[in-house]
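> predicted coordinates and the sequence they were generated for:
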Amino acid sequence: MFERLTEKLSESLRRVRGQNRLSEDNIASALAEVRAALLEADVHFKVVRAFLNAVQERALGEEIPAGLTAGHYFIKIVSDELTAMMGGQHQGLRFEQAPPTAMLLVGLQGSGKTSTAGKLARMFQREGKRPFLVPADTYRPAAIEQLQILARTLGVPCFPSTTEMDPVDIAREGLAQARAAGADVVLIDTAGRLAIDEPLMTELARIKDAVRPAEILFIADGMTGQDAVNTAAAFHEKLGLTGHVLTKMDGDARGGAALSIRAITQQPVKFVGVGEKLENLERFHPERIASRILGMGDLVTLIEKAQQTFDEKRSLELHQKMRRDEFTLTDFLEQIRAMRNMGSVKDLIGMMPGMAGAMKNADVDEGQLRQVEAIICSMTPAERANHNLINNSRRIRISKGSGTRTSDVNRLLKQFAQMRKMMKRVATVRDPRRAMQMARSFFPG
């Protein structure tokens, strides 16, 4: 997410970082490069102009606090104004006091409305709510079928729409059925077009009047830049949007939509889609996104991902196994699979402070993790429980079974043995700062 923009901004701000004082000349030079980076990311030109004016006004008009260099303070100003441009802080969804709460998902065809409905339902499930799905796109039969399949996958109720029904009736009857079923929130997936047209807007306005949704969320393809912003503005004028969800932000999205859409519509981005899985939906926190864009990482989101993925009871069990030097290859395989569920390894490393720049030219081979899985899965349960059983003949059998070389098996076993020693040492240290130092010593750089 924002990889290209992060690279450009980091390069331009690196020259300012060492400055002892801020002058009109070095501020103008830095802002010229920032301007070029933002426009290349397809940020709306009006947003870029307002942002640069705000940064320049603060940089020339404020005293530098004690303890900060001029360069570091300038970067802080850029971070603050980026955060403000994106809305300042996360704005959550609004829920009715008397459930169910209706939420209308709107946007152009292909923007990801149906997938987002499934992801939101999954998120609500995790929060203990009872979601109900309503497929109201009668122009694309596959959309109804797709949402029904997602509902079955999640185990949530879904209104039995057909293409012969009127979308307004579907929405109204779906809401009534959800209320009777005791649902907390109703997600209504609406039709889209390749471009805005009057019949679409009229239909959406009728659905809005019929169900009076608490939220009207515009689903925008994050890869379309200013086009998404212009479309959102048109939808907002007709329907009165309450927020946005940006999809496909794990791809080659340049970031323009995320940085512009709130400033133009004055409605917040509430979520971003960062993958195809139902779990790949993140709350949009402007301050965290600004930090990520400036290459300063996003540890809070990384920790939240870990908390969602790793079971607390199981983590305590593993900690005890590490202390007793009983951590096995079965445990290792479990942790690898859990980490892969958190998302791309490259994205996870990019959330660590100071690592975004290091990832610029890094060749993160996700296939290596799959290779490790294949090797471990080719072992017997006894071998996974006690890696010391694996002799030369067993290594040859494991390499053939996993489609790898014997040297790959040897390398994994060597690394696993080294990792066990490090884990045991770290797990027995009570001082967390000392434990962190020891862990860092195992990972050079």
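Everything's here; your move.

> biggest helix in the protein by residues?
Longest helix in the chain by number of residues (criterion: DSSP state H): helix 406-427.

> helices or strands up against that helix?
helix 312-323, helix 329-341, helix 366-377, helix 392-402, helix 432-442 (3 or more C-beta pairs under 8 Å, 6 or more residues apart in numbering; DSSP states H and E). C-beta: built from backbone N, CA, C; applies to glycine.

> repeat the analysis, applying 6 Å as the threshold.
Helix 406-427 makes packing contacts with helix 312-323, helix 392-402, helix 432-442 when contacts are defined by 3 or more C-beta pairs under 6 Å, 6 or more residues apart in numbering; DSSP states H and E.

> low-confidence stretches in the stretch 51-200 of the chain?
Regions of the stretch 51-200 of the chain meeting the criterion pLDDT under 70 cover residues 66-68.

> how about the helices of it, start to end?
For the stretch 51-200 of the chain, helices defined by DSSP state H, counting those that start in this stretch occupy the ranges 70-85, 113-126, 141-154, 167-180, 198-211.

> now the longest one: buried residues?
If you call a residue buried by 16 or more other C-beta atoms under 10 Å, then helix 70-85 has these buried ones: 70-75, 77-85.

> got it, and stretch 267-287?
267-275, 278-287.

> ok, now stretch 236-255?
Along stretch 236-255, these residues count as buried under the neighbour rule (16+ other C-beta under 10 Å): 236, 238-239, 241-250, 253-255.

> pick out the most distant pair among those.
For the buried residues of stretch 236-255, the maximum inter-member distance is 29.9 Å, found between K238 and D250 (C-beta to C-beta).

> residues near the closest residue to A151 other than its chain neighbours, how many?
Spatial nearest neighbour of A151, excluding adjacent residues (C-beta to C-beta, 6 or more residues apart in numbering): C158 at 3.5 Å. Other residues near C158 come to 25 when the count uses other C-beta atoms under 10 Å.

> who does C158 bridge with?
Following DSSP bridges, C158 is listed with bridge partners L133.

> residues in contact with it?
L133, Q148, A151 (C-beta atoms under 6 Å, 6 or more residues apart in numbering).

> what does A214 give?
R94, E96, T101.

> tell me the domain boundaries of the chain?
The chain breaks down by automatic domain parsing into domains covering 3-85, 101-289, 302-442.

> I'd like the average pLDDT over the longest helix of the chain.
Confidence over helix 406-427, taken as the mean pLDDT, stands at 82.

> alpha carbons of that helix, as PDB, please.
Below are the C-alpha coordinates for helix 406-427, written out as PDB (Å, rounded to 0.1, in the frame of the first residue of the first chain):
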ATOM      1  CA  THR A 406      18.400 -32.300   0.500                       C
ATOM      2  CA  SER A 407      20.300 -29.100   1.100                       C
ATOM      3  CA  ASP A 408      16.900 -27.300   1.500                       C
ATOM      4  CA  VAL A 409      16.000 -29.800   4.200                       C
ATOM      5  CA  ASN A 410      19.400 -29.400   5.900                       C
ATOM      6  CA  ARG A 411      19.100 -25.600   5.900                       C
ATOM      7  CA  LEU A 412      15.700 -25.700   7.500                       C
ATOM      8  CA  LEU A 413      16.800 -28.100  10.200                       C
ATOM      9  CA  LYS A 414      19.800 -26.000  10.900                       C
ATOM     10  CA  GLN A 415      17.800 -22.700  11.100                       C
ATOM     11  CA  PHE A 416      15.200 -24.400  13.300                       C
ATOM     12  CA  ALA A 417      17.800 -25.600  15.800                       C
ATOM     13  CA  GLN A 418      19.300 -22.100  16.000                       C
ATOM     14  CA  MET A 419      15.900 -20.600  16.400                       C
ATOM     15  CA  ARG A 420      15.000 -23.000  19.300                       C
ATOM     16  CA  LYS A 421      18.200 -21.900  21.100                       C
ATOM     17  CA  MET A 422      17.300 -18.200  20.700                       C
ATOM     18  CA  MET A 423      13.700 -18.700  21.700                       C
ATOM     19  CA  LYS A 424      14.700 -20.500  24.900                       C
ATOM     20  CA  ARG A 425      17.100 -17.800  25.900                       C
ATOM     21  CA  VAL A 426      14.500 -15.000  25.100                       C
ATOM     22  CA  ALA A 427      11.700 -16.800  26.900                       C
END
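
> quick one, it and helix 366-377 angle?
Computed with axes from the mean of the first three to the mean of the last three C-alpha atoms, to 10 degrees, the direction of helix 406-427 lies at 90 degrees from that of helix 366-377.

> off-centre distance for helix 406-427?
Relative to its parent chain, helix 406-427 has a centroid offset of 31 Å by C-alpha atoms, centre = their mean, to the nearest Å.

> angle of that helix against helix 392-402?
Computed by the same axes, to 10 degrees, the angle between helix 406-427 and helix 392-402 is 100 degrees.

> next, the angle from helix 406-427 to helix 329-341.
Calculated by the same axes, to 10 degrees, helix 406-427 forms an angle of 90 degrees with helix 329-341.

> quick one, what contacts L281?
Listed by C-beta under 6 Å, 6+ apart, the contact set of L281 reads K119, M123, F271, G273.

> swap the cut-off to 7 Å and go again
K119, L120, M123, F271, G273 (C-beta atoms under 7 Å, 6 or more residues apart in numbering).

> neighbours of D169, how many?
Applying other C-beta under 10 Å, we find 13 residues neighbouring D169.

> any idea how far it is from L82?
D169 sits 45 Å away from L82, going by C-beta to C-beta, to the nearest Å.

> same question for F416.
For F416 relative to L82 (C-beta to C-beta), the value is 42 Å.

> same check on E96?
33 Å.

> I'd say R405 and S399 touch.
Yes: taking C-beta atoms under 7 Å as the contact criterion, R405 and S399 are neighbours in contact, 5.8 Å apart.

> more neighbours: which of these two?
Here R405 and S399 are set side by side on neighbour count (other C-beta under 10 Å), and the busier one is S399, at 18 against 11.

> gap between E383 and R405?
Taken as C-beta to C-beta, the spacing of E383 relative to R405 amounts to 18 Å.

> actually D227, not the one I wrote
48 Å.

> likewise for V185?
V185 is 52 Å from R405, by C-beta to C-beta.

> likewise for F284?
With the distance defined as C-beta to C-beta, F284 ends up 45 Å from R405.

> want to throw the contacts of A214 into TSV with neighbour count and distance to M422?
What follows is the contacts of A214, written out as TSV (neighbours: other C-beta atoms under 10 Å; distance: C-beta to C-beta, whole Å):
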residue	neighbour count	distance to M422
R94	12	48
E96	13	52
T101	20	49
